[in-house]
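> Predicted model, plus sequence, below.
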Amino acid sequence: MSNTRIIKKRYIFMAFVLIGLALLLVLLPEKHASKQLKPEQLLQEINDNTRYMTTDEVAEKLIYGDAYLQLIDVRSADNFQKFHLKGAVNIPLDSILNKDEKGNYEYEDILNQDVKTNVFYSNGTVYANQAWILLRRLNFKNNYVMKGGLNRWIETVIQPQRPLQTASQEEFYLYNFRRAASMFFGGGSVSSVPAEDNTPAPIIKKKGGKKEEEGGC
Amino acid sequence: MGPLFTASDEWSFVIALVIGIAFGYLLESAGFSSSRKLAGVFYGYDFVVLQVFFSAAITAAVGLLFFEYFGWIDLSAIWVNRFYTGSAILGGAIMGFGFVIGGFCPGTSACASAIGKIDAMLFLGGFIIGVVIFDAFYPFYEKFYKSGNQGPIKIYESLGMNREVFLLLFVVFAIFAFVATAYIQQRVSQKSKKY
């Protein structure tokens, strides 16, 4: 007895339909458009600040040799040659969406992966933000922006300002970290500031004289 | 097209109830409230379980990939359970033994209980006792339970295959399984007729 007799004709028809549809999925060209982020979601992500990484966070990762950090300099190649952060790669903003002969994004291997944390920087925040928005629109993941860019990097890491004497202990800790980072990146001198406040501790005057009588006999 | 209802939406329980009722109705319609029919897959006289679930899986998979292609659904937003190697093997074995001994799986036992089958009610009672025991002694086997966590891994990813190619092979395999089981079923029923 053949198998066709034990399987109803409509099942055979459905089997061919399913194989045909599955084959069609294999043959369909890859659709990039459907992977793009919706404008509403992009707006929501633009409005929250989770994409920002501070210069201190970046400095810490660089000092500790975080292998998962990938700095991306979005300035022009000339500016990159003049100065760039340690380990950074240069992908200028105007070529960030370049495509190869096959129509794939040239830098997709770097810009859309889930191993490394990409941090964009430019002189300020604007160009790095533009790069981030363009790539988030394409639903590329793991991209961040160094807030304030290189200007902020110089202000905070390379030439940190000493906090006022009245500043909190946290600010002094941060200042000391920045001084150490400055030395690490070859920007500052050796002097350091103690974390403790140097102002003399207030003297607590004990009440002199006899204790007051507390009743009783 | 965004999600019609989010998990935090108060309507999600209503939607879950509607989907649950539809699922139960379809199980009952497919004859899954009969433990004889369900256990048939282990003895070779009825493969309807395998056929129904395989056809549901491949139809859903093909449909979902088309939905994603047309931009109607975002598959990356769908929650995929983590795969724990140790507990998947042991849990699978316990589930299999429970299935062949009791003649039901958890969902079908609830379905059969709803139409008044006493064996299914007993099965469901045992199932609830099992859940309570599992919960009570959880700290003893928590380490094993969470061992071999491979994350929300998918078969085609672990094989390093293209998703669509894997689906095509899976559809072909499922259809081959239909034909093979239909053939086995016929042979077994012919054999049983002789005696």
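Cool, got the structure. Numbers count the residues shown, from 1 in each chain, chains lettered A, B, ... in the order given.

> Quick check: A:Leu37 touching A:Asn139?
Yes - with contact defined as Cβ atoms under 8 Å, A:Leu37 counts as touching A:Asn139 (4.9 Å). Glycine gets a C-beta too; all of them are placed from N, C-alpha and C.

> What is the neighbour count of residue 112?
In the absence of a named chain, chain A is used. For A:Asn112, the neighbour count with other Cβ atoms under 10 Å in any protein chain shown is 17.

> that's the wrong chain, I wanted chain B
Look at B:Ala112: counted by other Cβ under 10 Å, it has 26 neighbours.

> what sits against it?
B:Phe32, B:Ser33, B:Ser34, B:Ser35, B:Phe104, B:Asp119, B:Ala120 (Cβ atoms under 8 Å, 6 or more residues apart in numbering or on different chains).

> pretty sure it is in a strand, no?
No - per DSSP: H, G, I helix; E, B strand; the rest coil, B:Ala112 lies outside any strand segment and is helix.

> Tell me the buried residues in stretch B:92-112?
Buried positions in stretch B:92-112, judged by neighbour count with 16 or more other Cβ atoms under 10 Å in any protein chain shown: B:Gly98, B:Phe99, B:Gly102, B:Gly103, B:Phe104, B:Cys105, B:Pro106, B:Thr108, B:Ser109, B:Ala110, B:Cys111, B:Ala112.

> Between the two ends of that stretch, how far is it?
Stretch B:92-112 has an end-to-end distance of 22 Å (Cα to Cα, to the nearest Å).

> model confidence over the helix ranked longest in chain A, on average?
Secondary structure of chain A per DSSP state H: the longest helix is helix A:9-27. Mean pLDDT, computed over helix A:9-27, is 90.

> Pull that helix out as CSV, backbone CA atoms only.
Provided in CSV are the C-alpha atoms of helix A:9-27 (Å, rounded to 0.1, in the frame of the first residue of the first chain):
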residue,chain,number,x,y,z
LYS,A,9,-5.0,14.7,-0.4
ARG,A,10,-5.6,18.0,1.5
TYR,A,11,-2.7,17.2,3.8
ILE,A,12,-0.4,16.7,0.8
PHE,A,13,-1.6,20.0,-0.5
MET,A,14,-0.9,21.7,2.8
ALA,A,15,2.5,20.1,3.0
PHE,A,16,3.4,21.6,-0.4
VAL,A,17,2.0,25.0,0.6
LEU,A,18,4.2,25.0,3.8
ILE,A,19,7.3,23.9,2.0
GLY,A,20,6.7,26.6,-0.7
LEU,A,21,6.2,29.3,1.9
ALA,A,22,9.4,28.2,3.8
LEU,A,23,11.3,28.2,0.5
LEU,A,24,10.0,31.6,-0.3
LEU,A,25,11.3,32.9,3.1
VAL,A,26,14.8,31.5,2.1
LEU,A,27,14.7,33.2,-1.3
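
> Which neighbouring elements make contact with it?
The helices and strands touching helix A:9-27, judged by 3 or more Cβ pairs under 8 Å, 6 or more residues apart in numbering or on different chains; DSSP states H and E, are helix B:48-69, helix B:163-194.

> returning to that earlier point: just the buried ones from the contacts of B:Ala112?
For the contacts of B:Ala112, buried by 16+ other Cβ under 10 Å: B:Phe32, B:Ser33, B:Ser34, B:Ser35, B:Phe104, B:Ala120.

> possible to save those as CSV with distance to chain A, pLDDT and secondary structure?
Formatted as CSV, the buried ones among the contacts of B:Ala112 follow (distance: Cβ to the nearest Cβ, whole Å; pLDDT from 0 to 100; DSSP: H, G, I helix; E, B strand; the rest coil):
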residue, distance to chain A, pLDDT, secondary structure
B:Phe32, 19, 88, coil
B:Ser33, 23, 88, coil
B:Ser34, 21, 89, coil
B:Ser35, 25, 88, helix
B:Phe104, 26, 90, coil
B:Ala120, 29, 93, helix
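
> Out of the residues you listed, which is nearest to B:Leu64?
Closest approach between these and B:Leu64, by Cβ to Cβ: B:Phe32, at 23.0 Å.

> Contact partners for that closest one?
Residues near B:Phe32 by Cβ under 8 Å, 6+ apart: B:Leu38, B:Val48, B:Val49, B:Val52, B:Thr108, B:Cys111, B:Ala112.

> Widest-spaced pair of the buried residues of stretch B:92-112?
B:Gly98 and B:Cys111 (15.9 Å).

> chain center to stretch B:123-135, what's the gap?
19 Å (Cα atoms, centre = their mean, to the nearest Å).

> Show residues contacting it.
B:Gly102, B:Gly103, B:Phe104, B:Pro106, B:Ser109, B:Ala110, B:Ser113.

> now check stretch B:79-86, is it near chain A?
No - if you take Cβ under 8 Å from any Cβ of the partner chain as the test, stretch B:79-86 misses chain A, and the best it gets is 15.0 Å.

> Give me the neighbour count for the closest residue to A:Ile7 other than its chain neighbours.
Take A:Ile7 and drop its neighbours on the chain: the residue closest to it by Cβ to Cβ, 6 or more residues apart in numbering or on different chains is B:Ala182, 5.3 Å away. B:Ala182 has 18 neighbouring residues, counting by other Cβ under 10 Å.

> go on, A:Thr166?
Counted with other Cβ under 10 Å, residues neighbouring A:Thr166 total 8.

> Torsion angles phi and psi at it?
The phi/psi pair for A:Thr166 (degrees, to the nearest 10) reads phi -80, psi 0.

> Would you mind naming what in chain B lies close to chain A?
Counting by Cβ under 8 Å from any Cβ, chain B comes close to chain A at B:2, B:55, B:58-59, B:62, B:65-66, B:68-71, B:162, B:164-165, B:167-168, B:171-172, B:175, B:178-179, B:182-183, B:185-186.

> Just the buried subset of those residues, written out for ChimeraX, thanks.
Here is the ChimeraX command that picks out the buried ones among these, judged by 16+ other Cβ under 10 Å:
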select /B:55,58,59,62,65,68,69,164,167,168,171,172,175,178,179,182,183,185
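
> that's a helix at A:Tyr144, yeah?
No - assigned with three-state DSSP, A:Tyr144 falls outside any helix and is strand.
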